[in-house]
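Visitor: next comes the sequence, and after it the predicted model I'd like to discuss.
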Amino acid sequence: MKLAMTIKQAAESLEMGETTIRKMISLNQFPSPYKIGNAIRFDIQDLKDWQALQKKNIVEKKRMGRPRLAV
């Protein structure tokens, strides 16, 4: 069973660009990778948890906003 992904695999799985992921890592907005030698890897469960949190935040943001006035 696979427990880790490369940055390329993570990008494909999350439908994001590798550059976007690298930028988000530097801004601490993405799960931290770990290194095995020179290879960067991501824990699959960390990515799943992060993705679920992002979906939850999108739903909450849609509910927010200023109230609309009836015209």
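Guide: Structure's in. What do you need? Numbers count the residues shown, from 1 in each chain.

Visitor: ok, residues contacting the biggest helix by length in the chain?
Guide: Longest helix in the chain, counting residues (DSSP state H): helix 44-63. With Cβ atoms under 8 Å, 6 or more residues apart in numbering as the test, helix 44-63 has contacts from K2, L3, A4, M5, A10, S13, L14, F30, P31, S32. In this view, the C-beta of every residue, glycine as well, is placed from N, C-alpha and C.

Visitor: residues contacting Y34?
Guide: When contacts are counted by Cβ under 8 Å, 6+ apart, Y34 touches I40, R41, F42, D43.

Visitor: now rank those by neighbours and give me the top one.
Guide: Highest neighbour count within those: F42, with 24 neighbours (other Cβ atoms under 10 Å).

Visitor: which strands and helices sit next to the helix or strand harbouring that residue?
Guide: Per DSSP states H and E, F42 falls inside strand 39-43. Helices and strands touching strand 39-43, by 3 or more Cβ pairs under 8 Å, 6 or more residues apart in numbering; DSSP states H and E, are strand 4-5, helix 7-14, strand 34-36.

Visitor: now with 10 Å?
Guide: Judged by 3 or more Cβ pairs under 10 Å, 6 or more residues apart in numbering; DSSP states H and E, strand 39-43 is in contact with strand 4-5, helix 7-14, helix 18-26, strand 34-36.
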